[in-house]
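S.K.: Fold the following for me, if possible:
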Amino acid sequence: MLLEGRAAIVTGSGAGIGKAIAALFVRNGARVVLNDRTAEIADRAVADMPDPTRCAAVAGDISQPSTTQALVDTCLQRFGRLDVIVSNAGISPPGLAKTQAIDEWKRTFDVNLLAQLFLAQAALLR
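M.R.: You can find the predicted model right below:
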């Protein structure tokens, strides 16, 4: 149990790599806050975990500081600590970079970079 007693946040854990990371953490003793943009997907991911009682779901867009703050707050309230953050969430709009609209670039920047800053700040200012 490499992570016994530890608490983690895994963003983008509603499916794919993030969900697999969350499940691995739970199997190794961690308590995990899972995140996806929609409550339905986040709740389903928690239900799919090896031990759902060791998990919490927080739905929301991680490019919003209110969501990253909710992730940290939930981890601290539910598990009493925060030891690990896995910033897994990210987006990649379809198409070629040379034809991307500026709004798509801004959204990608917000999710893939600024969200990491917001989450780190929320954790460090706890």
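S.K.: just the strands in the protein please.
M.R.: Applying DSSP state E to the chain gives strands spanning 7-10, 31-36, 55-59, 84-86.
S.K.: among those, which is the most enclosed?
M.R.: Highest mean neighbour count among the strands of the chain (mean count of other Cβ atoms under 10 Å): strand 31-36, with a mean of 29. Every C-beta, even on glycine, is put in place using the N, C-alpha and C of the backbone.
S.K.: related to what we said a few turns ago, mind putting the strands of the chain into TSV with mean pLDDT and distance to residue 105?
M.R.: As requested, the strands of the chain are exported to TSV (pLDDT from 0 to 100; distance: least, Cβ to Cβ, whole Å):
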stretch	mean pLDDT	distance to residue 105
strand 7-10	98	26
strand 31-36	98	23
strand 55-59	98	25
strand 84-86	98	25
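S.K.: Return the set of buried residues in the lowest-mean-pLDDT helix or strand in the chain.
M.R.: Within the chain, no helix or strand scores below helix 102-109, which has a mean of 94 by mean pLDDT, DSSP states H and E. Using 16 or more other Cβ atoms under 10 Å as the test for burial, helix 102-109 gives residue 108.
S.K.: cool, stretch 4-19 as well?
M.R.: Here stretch 4-19 shows 6-14, 18-19 as buried, counting by 16+ other Cβ under 10 Å.
S.K.: now stretch 77-88
M.R.: 78-79, 82, 85-88.
S.K.: and which of those residues is nearest residue 43?
M.R.: Nearest to residue 43 among the buried residues of stretch 77-88, counting by Cβ to Cβ, is residue 78 at 14.7 Å.
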